[in-house]
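Asks: structural data only, the sequence is not supplied:
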């Protein structure tokens, strides 16, 4: 042995140590680091020139400030998060991930280690930027607190984006990655603008409503960690050996989002913004769950079955696979509906329609897939394609409705997905709401019933294959 | 007889309609070196992956050291070392860092980890190249590193899938020696390979599978002497071989195993060594120009081919 690895590294997760050793020597990190330094130097030179010329136009000063943040944002919001795409996929392809599973590291620790390593490298980039932020302050015309705040929010956004790319990295789908990159390119300027505007004191707007700063921070503290946990659990569940159960945590996080919503409403947050967030997060949980393959592993079922009838009931909802996911969707639908009813949200027929349509929009394509191709291994691909198809159809009918000035034309598109979108943009007239509500409720209930009916065979197969006992008497 | 350290019972693995493994049962005592032989697609790798908890059986059980791999995968992983046929190299990582990472991943701290890494590097003769990047290793060095990684947590059972595939002759001999050393340390080694003669030298028990089921298991000797073919004779002739081939074809107790430039390897069905003088006499009296007549050892490859003929896979 020619060298002793440092003992300092013993304080950290083995995966983090390995990833940092590899990552900080990688060409992408080196390039991003040097490029950021170069761009920062250029920015400071421009700022120096601007500072020496007191008659410089305000527009030029604003442009230079924008340029500074743009240059910081590229590595933080683009280069480093996109590295997450290769985090798990590369190791899956080369077969190295399986070898790590045979150690004491679980899939969760692997995914978390990958994310942490990327974030540490991003943090290093941020630390390298800090001297330039200070320099800008000394050159004048800059609020250092605002700059540091902006940097903090960029880092938070980077953390979330890196979580998303790591969650997506086990998937081979180029379409999924292309969609994300496409969204990132188009959302890039919006995201930077939003952060800078927020820091500059403007309110974050969400569908015409606004969040007070403390509500925003509370949301950040509650939802960002939960979202990161979810993203890393999704990644872990996709790479884990069949003997590991990741469905429990993911689905519990989904329930957490659902139950956190009323708490935010209690502290005065806007209902529409809160439910928009919750719906987005829940949709991620539910779609991911419905896309899970069925698992035949005794070690997954035994912990539940040791707990008798209650354990058996919980296994119907918290074991991996789309069959138990379908029952989880039913549970979420009941809890969500109950919470909204208790809060009096269903007093408004539009809210009733919005809830039923949102639920239907998520499960209707899943039911179609499980009806026609129940054993498909490409659920997610089909699901995304169906969602796009239904959205395109909705837009077409929406345009027809607009051109013909005949509101009834939207009845041509009676799917829950269309109703959800029409309702979102207030295209449904008050007189049409009851009709749409009945129709959408029927389609949604039918979709859910179909999904549940489809679970009978896989659940029976699991019981037979693993020689599990029959359902105990409650 | 000690309790088996590996016990496989009625193991099955289906991929849709394909039965990759179909009712395998075998038991292996501690400290044995067992060869697992089969053609491509016979179900070797699938079986091995289930043994090391990387896949789940569709039916049947596997017990390692008495632990069911489906029920207690975590405990099984501590007792098993898995070496797949292809080792994946990490970018930007040296040999030492690679072994150090696995030491950490198995939960060893500081001094204990360094001791284990040192031991493994010494055993696999990697100490001299500890600072070399993994992507600069030759195939032989890579395989030794992969074996070193398999040994880092000192497992009782080693499951090696085609470990010598793609190695040059020198690296293959080195690897064979390492396996012998490990066997000497009392480890149970379950090894698959396409190079059957090598398995014959390394293993004291062989399991042959075809189409997901066992077609034979036993010692190398029992295999070579089994299936009704006890004798193999090499006959060389002066001049044209046609007369020899014609003579063999006319003899119901003989069968050509291999055609050669100047003769043939011939299987003597249901014969033994005492019959050989009579066979030679018959050959000469029938006018075949014999220039050489030797008893040869039957190769495992021959036994394997015979076995597949005698045990055709069931019709789908």
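Replies: Cool, the structure landed. From a predicted model like this one, the values you see are computed outputs, not experimental measurements. Numbers count the residues shown, from 1 in each chain, chains lettered A, B, ... in the order given.

Asks: for residue A:442, give its distance to chain B.
Replies: Distance check for residue A:442 against chain B: by C-beta to the nearest C-beta, to the nearest Å, it reads 36 Å. From N, CA and C alone the C-beta is placed, and that goes for glycine too.

Asks: other SSEs contacting the host helix or strand of that residue?
Replies: Using DSSP states H and E, the element containing residue A:442 is helix A:433-454. Counting contacts by 3 or more C-beta pairs under 8 Å, 6 or more residues apart in numbering or on different chains; DSSP states H and E, helix A:433-454 packs against helix A:322-342, helix A:349-372, helix A:416-424.

Asks: can you rerun that using 6 Å?
Replies: Packing partners of helix A:433-454 (3 or more C-beta pairs under 6 Å, 6 or more residues apart in numbering or on different chains; DSSP states H and E): helix A:349-372, helix A:416-424.

Asks: quick one: the last one to helix A:349-372, angle?
Replies: Regarding helix A:416-424 and helix A:349-372, their directions subtend 160 degrees when assessed with axes from the mean of the first three to the mean of the last three C-alpha atoms, to 10 degrees.

Asks: mind listing what's buried in helix A:416-424?
Replies: Judged by neighbour count (16 or more other C-beta atoms under 10 Å in any protein chain shown), helix A:416-424 contains these buried residues: A:416, A:417, A:418, A:419, A:420, A:421, A:422, A:423.

Asks: chain B: strands as residue ranges?
Replies: B:6-15, B:18-28, B:33-37, B:59-64, B:67-68, B:80-83, B:157-161, B:188-192, B:205-210, B:213-218, B:229-237, B:254-260, B:263-269, B:290-296 (DSSP state E).

Asks: could the ones you listed be laid out in JSON lines, adding mean neighbour count, mean pLDDT and distance to residue B:116?
Replies: Formatted as JSON lines, the strands of chain B follow (neighbours: other C-beta atoms under 10 Å in any protein chain shown; pLDDT from 0 to 100; distance: least, C-beta to C-beta, whole Å):
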{"stretch": "strand B:6-15", "mean neighbour count": "18", "mean pLDDT": "93", "distance to residue B:116": "24"}
{"stretch": "strand B:18-28", "mean neighbour count": "18", "mean pLDDT": "92", "distance to residue B:116": "26"}
{"stretch": "strand B:33-37", "mean neighbour count": "25", "mean pLDDT": "92", "distance to residue B:116": "23"}
{"stretch": "strand B:59-64", "mean neighbour count": "20", "mean pLDDT": "93", "distance to residue B:116": "21"}
{"stretch": "strand B:67-68", "mean neighbour count": "16", "mean pLDDT": "93", "distance to residue B:116": "23"}
{"stretch": "strand B:80-83", "mean neighbour count": "24", "mean pLDDT": "95", "distance to residue B:116": "13"}
{"stretch": "strand B:157-161", "mean neighbour count": "23", "mean pLDDT": "95", "distance to residue B:116": "16"}
{"stretch": "strand B:188-192", "mean neighbour count": "24", "mean pLDDT": "94", "distance to residue B:116": "19"}
{"stretch": "strand B:205-210", "mean neighbour count": "22", "mean pLDDT": "89", "distance to residue B:116": "29"}
{"stretch": "strand B:213-218", "mean neighbour count": "19", "mean pLDDT": "86", "distance to residue B:116": "34"}
{"stretch": "strand B:229-237", "mean neighbour count": "20", "mean pLDDT": "81", "distance to residue B:116": "47"}
{"stretch": "strand B:254-260", "mean neighbour count": "16", "mean pLDDT": "86", "distance to residue B:116": "48"}
{"stretch": "strand B:263-269", "mean neighbour count": "20", "mean pLDDT": "87", "distance to residue B:116": "49"}
{"stretch": "strand B:290-296", "mean neighbour count": "13", "mean pLDDT": "89", "distance to residue B:116": "46"}
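
Asks: so which of the ones you listed is nearest chain A?
Replies: The closest of the strands of chain B to chain A is strand B:80-83. By C-beta to the nearest C-beta, the value is 5.6 Å.

Asks: strands paired with that closest one, and their directions?
Replies: In the sheet, strand B:80-83 lines up against strand B:157-161 (parallel) (DSSP bridges).

Asks: list the contacts of the strand it pairs with.
Replies: With contact meaning C-beta atoms under 6 Å, 6 or more residues apart in numbering or on different chains, strand B:157-161 is reached by B:45, B:48, B:51-52, B:64, B:79-85, B:187-192.

Asks: which one, of the helices and strands packed on helix A:433-454, ends up nearest to chain B?
Replies: Among these, helix A:349-372 comes nearest to chain B, with 17.7 Å by C-beta to the nearest C-beta.

Asks: now do the buried residues in that closest one.
Replies: Buried positions in helix A:349-372, judged by neighbour count with 16+ other C-beta under 10 Å: A:351-370.

Asks: and what of stretch A:217-232?
Replies: Within stretch A:217-232, the residues that count as buried by 16+ other C-beta under 10 Å are A:218, A:219, A:222, A:223, A:226, A:227, A:228, A:229, A:230, A:231, A:232.

Asks: what's the closest non-adjacent residue to the last one?
Replies: Leaving aside its sequence neighbours, residue A:232 sits nearest to residue A:111 (C-beta to C-beta, 6 or more residues apart in numbering or on different chains; 4.6 Å).

Asks: count of residues packed around residue B:307?
Replies: Here the count is done by other C-beta atoms under 10 Å in any protein chain shown, and residue B:307 has 17 residues near it.

Asks: is it true that it touches residue B:215?
Replies: Yes. Using C-beta atoms under 6 Å as the test, residue B:307 is close enough to residue B:215 to be in contact (5.2 Å).

Asks: how close does residue A:130 sit to chain B?
Replies: 27 Å.

Asks: check which helix or strand covers that residue.
Replies: Assigning secondary structure by DSSP H and E places residue A:130 in helix A:107-139.

Asks: toward the C-terminus, what is the element adjacent to that helix?
Replies: The first helix or strand that comes after helix A:107-139 along the chain, using DSSP H and E, is helix A:144-168.
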